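> 3D model of this:
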Amino acid sequence: MADLFGIFQVSLGVLVALVLALTLLFFYVRDVTQKRHTVLRNFPIIGRLRFFFEDLGEYFRQYFFLGDRDEMPFNRATRGWVYRLAKNEGGILGFGSTYDLTQPGALVFVNAAFPVIEGEHEPTPPVVIGAGWCDKPFTAHSLINVSGMSYGAISRPAVQALSHGAAKSEAYMDTGEGGLSPYHLEGGCDVIYQIGTAKYGVRDAQGRLDPDKLRAMAAHEKVRAFEIKLSQGAKPGKGGVLPAAKVTEEIARIRGIPAGQDSLSPNRHPETSNMDQLLDMVEQVRQITGKPVGIKTAIGGWQFMNELAATVKRRGLQSAPDFLAIDGGEGGSGAAPQALADHMALSINEALPRVIDALIENGLRERIKVIASGKIITPAKVAWALACGADLVNSARGYMFALGCIQALRCHQNSCPTGITTHDPKLQRGLDVSNKAERVAAYTRNMNKEVEMIAHACGLEHPRQLRREHVRIVQPNGQSQALNMLYPYPPIR
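So this is what the prediction gives:
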């Protein structure tokens with residue numbers, strides 16, 4: 001029996017060796033004869049290691065080689081801050097900060113000699129949008145809110161968790177351009193309905209705005225406002241992209257498009273080729289819905305704001321959008337062409353103060369509320385936005401981190417390992433809605449709390465009192481300069 005077992009082992013070993021040899025021979029011949037990859041043609045089999053390590057390179061860099069402040073688009077220290085806020089662990093650290101106060105662009109807040117003490121704090125006032133200009137104004141309570149992420153770009157459980165978490169923390173949720181799903185309404189949070197260039201959910205068979213469908217959306221009590229999207233920071237000048245693998249039967253039904261085909265939005269609203277036509281659309285949507293209507297756009301220069309201000313002043317204040325959602329060129333939570341993501345539109349750092357200045361100069365600051373977006377995921381950056389003049393802040397990737405995102409950079413491949421941007425049920429299973437909803441709520445509450453803490457340290461009763469003189473920006477020479485010197489408040493014309 002022992003001899004038989006020994007013979008069997010030898011035979012199995014020979015078989016394994018033979019299979020391995022034939023496999024290597026197969027790949028050797030395949031690599032030598034193919035003409036697509038020079039490395040494989042010159043170095044068969046061994047050259048495959050190059051592609052293997054290239055695929056895994058970003059993960060090795062993320063976890064083993066890059067420092068806490070080195071990684072892009074968000075470094076480990078920043079992600080860790082968000083994770084702690086979402087887990088209610090507090091933004092506490094020991095032995096000093098790793099934030100380099102001498103790096104160009106570093107934010108430094110001006111601490112007061114006599115900060116506001118406990119008992120002197122004032123609650124942060126809410127922002128009322130559309131008051132006096134529409135039948136049903138919208139009151140926003142949280143400083144930070146969920147930015148537009150379409151159902152389709154993100155998964156069903158992700159939308160559910162965001163909806164429930166936003167409701168628990170009095171934040172609102174932007175639908176993104178993919179239309180209104182039952183999951184946006186499930187948690188009971190306030191919702192801003194985004195009308196993208198394809199008009200998903202409110203389109204007719206030809207892709208035009210359908211007034212009846214618009215009224216049906218406005219009939220939902222929790223749909224508080226509408227946002228006409230011109231562009232987003234990830235891809236200004238190009239419409240949204242949802243790969244065919246993500247266009248399920250349900251998503252196709254919600255959007256009003258064919259299932260299993262790439263969902264490509266036009267790069268602009270076909271009916272708006274100038275500012276008058278854009279404001280016509282704003283007034284049309286407001287008249288049909290009775291609710292506030294805003295515009296979302298990235299900013300590439302000053303022409304847009306100059307034309308907007310001039311046209312509103314000519315037509316009258318009733319034609320103005322009730323809010324502007326300004327996205328920075330560094331924005332982006334899904335698929336985008338690299339040429340646009342890397343090089344198109346101004347950073348929120350430059351765009352936001354310039355937009356505020358244009359509104360002040362033209363006497364429109366009180367009429368038009370401003371929402372800032374674009375890589376704003378920490379309390380310090382929110383406080384900076386408020387100091388610039390923003391009324392509210394939207395964040396997409398901050399809430400993705402709160403949901404458990406690990407920055408795998410697979411948002412567009414339907415293979416997100418945390419179940420956030422995939423429609424693979426096996427991967428979605430890992431995202432527990434109730435648990436992640438609590439993390440979303442905790443992130444919102446703690447962000448608001450820490451922004452208030454920054455304001456109190458500046459000697460202010462609440463964050464809405466933050467002004468540009470409370471912030472300093474480190475310059476290339478390592479010295480800081482006050483924000484109100486870099487962007488002086490303009491005179492009113």
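
> quick one, strands of the stretch 351-493 of the chain?
All strands of the stretch 351-493 of the chain, identified by DSSP state E, counting those that start in this stretch, fall at 369-373, 392-395, 471-474, 480-482.

> how about TSV for these, with mean pLDDT added?
As requested, the strands of the stretch 351-493 of the chain are arranged in TSV below (pLDDT from 0 to 100):
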stretch	mean pLDDT
strand 369-373	97
strand 392-395	96
strand 471-474	96
strand 480-482	96
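
> what about the closest residue to Pro463 other than its chain neighbours, neighbour count?
Leaving aside its sequence neighbours, Pro463 sits nearest to Ala455 (C-beta to C-beta, 6 or more residues apart in numbering; 4.3 Å). Quick note: C-beta positions are derived from backbone N, CA and C, even for glycine. Other residues lying near Ala455 total 26 when counted by other C-beta atoms under 10 Å.

> tell me how far Ala455 lies from Ala112.
Going from Ala455 to Ala112 by C-beta to C-beta, to the nearest Å gives 10 Å.

> give the contact list for Lys199.
Gly207, Arg208, Leu209, Asp210, His269 (C-beta atoms under 8 Å, 6 or more residues apart in numbering).

> please read the previous query as pertaining to Pro115.
His456, Ala457, Cys458, Gly459.

> repeat that for Ile288.
Counted by C-beta under 8 Å, 6+ apart, Ile288 has contacts Pro211, Leu214, Arg215, Ala218.

> quick check on the residues you listed: which are buried?
Leu214, Ala218 (16 or more other C-beta atoms under 10 Å).

> among the contacts of Ile288, which are in helices?
Within the contacts of Ile288, residues falling in helices by DSSP state H are Pro211, Leu214, Arg215, Ala218.

> looking at those residues, which is nearest Arg84?
Closest approach between those and Arg84, by C-beta to C-beta: Ala218, at 39.0 Å.

> quick one: the closest one and Val293 touch, right?
No. Between Ala218 and Val293 there is no contact under C-beta atoms under 8 Å: 10.5 Å.

> shared neighbours, the two?
Phe226.

> what is the helix of greatest length in the chain packed up against?
If you go by DSSP H, the chain has its longest helix at helix 2-33. Applying 3 or more C-beta pairs under 8 Å, 6 or more residues apart in numbering; DSSP states H and E, one finds that helix 2-33 contacts helix 38-42.

> now distance to Asn394 and pLDDT too, for the contacts of Pro115, in TSV please.
Shown next, in TSV, are the contacts of Pro115 (distance: C-beta to C-beta, whole Å; pLDDT from 0 to 100):
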residue	distance to Asn394	pLDDT
His456	24	97
Ala457	25	96
Cys458	23	97
Gly459	28	96
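
> among the residues you listed, which lie within helices?
His456, Ala457.

> tell me which residues are up against stretch 96-113.
Contacts of stretch 96-113 (C-beta under 8 Å, 6+ apart): 68-69, 77, 349, 380-381, 383-384, 454, 457-460, 469-476, 478, 480, 482.

> brain fart, stretch 255-265
Contacting residues not belonging to stretch 255-265 are listed as 152, 177-179, 196-198, 200-201, 203, 239-244, 246-249, 251-252 [C-beta under 8 Å, 6+ apart].

> ok, now with 7 Å
177-179, 196-198, 200-201, 203, 239-244, 247-249, 252 (C-beta atoms under 7 Å, 6 or more residues apart in numbering).

> so of those, which ones are in strands?
Cross-referencing these against strands under DSSP state E gives Val241, Leu242.

> all helices of the stretch 101-250 of the chain, in order?
Here the stretch 101-250 of the chain has its helices, by DSSP state H, counting those that start in this stretch, at 156-168, 182-186, 211-218, 249-255.

> swap in the stretch 301-450 of the chain?
Counting by DSSP H, counting those that start in this stretch, the helices of the stretch 301-450 of the chain are 303-315, 338-343, 348-361, 379-388, 397-403, 425-428, 433-457.

> only alpha carbons, please: show the fourth one as CSV.
In other words, helix 379-388. Taking C-alpha atoms only, helix 379-388 is exported to CSV below (Å, rounded to 0.1, in the frame of the first residue of the first chain):
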residue,chain,number,x,y,z
PRO,A,379,-14.0,71.3,9.1
ALA,A,380,-11.1,73.6,8.3
LYS,A,381,-12.0,73.7,4.6
VAL,A,382,-15.7,74.3,5.5
ALA,A,383,-14.7,77.2,7.7
TRP,A,384,-12.6,78.6,4.9
ALA,A,385,-15.6,78.4,2.5
LEU,A,386,-17.8,80.2,5.0
ALA,A,387,-15.2,82.9,5.5
CYS,A,388,-15.0,83.4,1.7
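
> that one to helix 433-457, inter-axis angle?
60 degrees (axes from the mean of the first three to the mean of the last three C-alpha atoms, to 10 degrees).

> tilt between helix 379-388 and helix 348-361?
Using the same axes, to 10 degrees, helix 379-388 lies at 20 degrees relative to helix 348-361.

> and the next element down the chain from the helix or strand of the chain with the lowest mean pLDDT?
In the chain, the helix or strand scored least confidently by mean pLDDT, DSSP states H and E is helix 48-60, which has a mean of 61. Next along the chain after helix 48-60, taking DSSP states H and E as the criterion, comes helix 76-86.

> coming back round to it: dump the contacts of Pro115 to a markdown table, plus neighbour count and distance to Asn414.
Below are the contacts of Pro115 laid out as a markdown table (neighbours: other C-beta atoms under 10 Å; distance: C-beta to C-beta, whole Å):
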| residue | neighbour count | distance to Asn414 |
| --- | --- | --- |
| His456 | 20 | 45 |
| Ala457 | 16 | 44 |
| Cys458 | 22 | 45 |
| Gly459 | 15 | 50 |
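
> Leu308: which of the strands of the stretch 351-493 of the chain is closest?
Of the strands of the stretch 351-493 of the chain, the one closest to Leu308 (C-beta to C-beta) turns out to be strand 369-373, at 12.3 Å.

> I am finished for the moment; much appreciated.
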